[in-house]
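K.L.:
give the three-dimensional model of this entry:
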Amino acid sequence: MLQLTKKLIKGESISLVNNLIYINNGKVETTTYAVPIPMDELPNPDFDDLNFKNYFAPEFALPIITSRGCYWGNCKFCSLHKSSKIYNQKSANLIAEDLGKLVKKYNTNIVLFFDTVMKPNNMLDMADEIIKKKINIYWTCVTKFESVFTKENSKKLYKSGCRMLEFEYESCDKKTHKFMDTGIDLKTTENYLKNTASAGIINTICVLYGLPGENFSDYVRTNDMIISKKETIHSVITFTYNLTRDSILWIRY
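P.N.:
Prediction:
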């Protein structure tokens, strides 16, 4: 991004800037692929040029990324399976160090993690470091159902400042999850949601309508399930499925 910005400011050709896809004289051009810099080697984010007063939010929230790519990378409906090959996670200690500096510098304690999907085990490691370093923040992220969401771990996440988790759920249809290779076991999700909710964490689930193989009755069952679990499912984000170029479904079928 820095190389691209410098070239654009100087009015120079961007053909030597790595990892670009752009239009040149009506033709799509691609530049040389370069492996991204490891997350642990990246500097702390700099928001100095942003005027926080221009945002509608009552308080400025720090947008932070702790990983690059998707650690799961198997869902057939998604093109992020390619990013799993370059998945890279910043170490928990460095994340906490960065957070401590940023919270103090920008005088805010609200953090939005914008990882594609935060790996639950990494989330717990980060929570340990936040608690250890006594960093006072409130945070949220997107994550995936895994066995680490026990009662004890859910309490730890809350203690570290976690106030909302956005879980990838997609559908309540077992055959859909099996075909799409989401790795989600519907038998266990209810317990995980109970554990996080009892700890005081707001649970949001993401539902994807229109997946291949589903029909209207599947949508109705998913909706009924959501309504019946209002004590553990506090909000829902819905999406309509669109076939994505380079997804596993696109390639195989």
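
K.L.:
in this protein, where's the longest helix?
P.N.:
helix 92-106 (DSSP state H).

K.L.:
which strands and helices lie in contact with it?
P.N.:
strand 62-64, helix 120-132 (3 or more C-beta pairs under 8 Å, 6 or more residues apart in numbering; DSSP states H and E). The way it works is simple: take the backbone N, C-alpha and C, and place the C-beta from them, glycine included.

K.L.:
pull up the pairing partners for the first one, direction included.
P.N.:
Read that as strand 62-64. strand 110-113 (parallel) (DSSP bridges).

K.L.:
pLDDT on the strand it pairs with, on average?
P.N.:
Average pLDDT, strand 110-113: 97.

K.L.:
got it, and stretch 209-228?
P.N.:
92.

K.L.:
quick one: the strands in the stretch 151-253 of the chain?
P.N.:
Here the stretch 151-253 of the chain has its strands, by DSSP state E, counting those that start in this stretch, at 162-170, 202-209, 235-240.

K.L.:
what's the angle from the longest helix of the chain to helix 120-132?
P.N.:
50 degrees (axes from the mean of the first three to the mean of the last three C-alpha atoms, to 10 degrees).

K.L.:
residue 5 sits in which helix or strand?
P.N.:
Taking DSSP states H and E as the criterion, residue 5 maps to helix 2-10.

K.L.:
just the buried positions in that helix, please.
P.N.:
residue 7 (16 or more other C-beta atoms under 10 Å).

K.L.:
likewise for stretch 200-209?
P.N.:
So, applying 16+ other C-beta under 10 Å, buried residues of stretch 200-209: 201, 203-205, 207-208.

K.L.:
do you know the pLDDT at residue 37?
P.N.:
Looking at residue 37, the pLDDT reads 87.

K.L.:
also residue 149?
P.N.:
98.

K.L.:
quick one: contacts for the nearest residue to it once chain neighbours are set aside?
P.N.:
Leaving out its chain neighbours, the residue that sits closest to residue 149 by C-beta to C-beta, 6 or more residues apart in numbering is residue 192, at 3.9 Å. By C-beta atoms under 8 Å, 6 or more residues apart in numbering, the contact set of residue 192 is 145-146, 149, 167.

K.L.:
for the strands of the stretch 151-253 of the chain, which one sits closest to residue 6?
P.N.:
strand 162-170 (35.7 Å; C-beta to C-beta).

K.L.:
so what are the sheet partners of the closest one and their directions?
P.N.:
Assessed with DSSP bridges, strand 162-170 is paired to strand 138-143 (parallel), strand 202-209 (parallel).

K.L.:
how about it as CSV, C-alpha atoms only?
P.N.:
Only the C-alpha atoms of strand 162-170 are listed here, as CSV (Å, rounded to 0.1, in the frame of the first residue of the first chain):
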residue,chain,number,x,y,z
CYS,A,162,-15.0,-9.4,25.1
ARG,A,163,-18.6,-8.1,24.9
MET,A,164,-19.8,-9.6,21.6
LEU,A,165,-18.9,-12.5,19.5
GLU,A,166,-20.1,-12.9,15.9
PHE,A,167,-20.3,-16.6,15.1
GLU,A,168,-20.3,-18.1,11.6
TYR,A,169,-23.4,-20.3,11.7
GLU,A,170,-24.8,-20.4,8.1
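
K.L.:
list the buried ones in it?
P.N.:
162, 164-170.

K.L.:
any stretches of the stretch 51-200 of the chain with poor pLDDT?
P.N.:
The stretch 51-200 of the chain contains residues with pLDDT under 70 at 83-84.

K.L.:
and which of the buried residues of strand 162-170 is nearest residue 69?
P.N.:
Distances from residue 69 to those, taken by C-beta to C-beta, are shortest for residue 168, at 15.1 Å.
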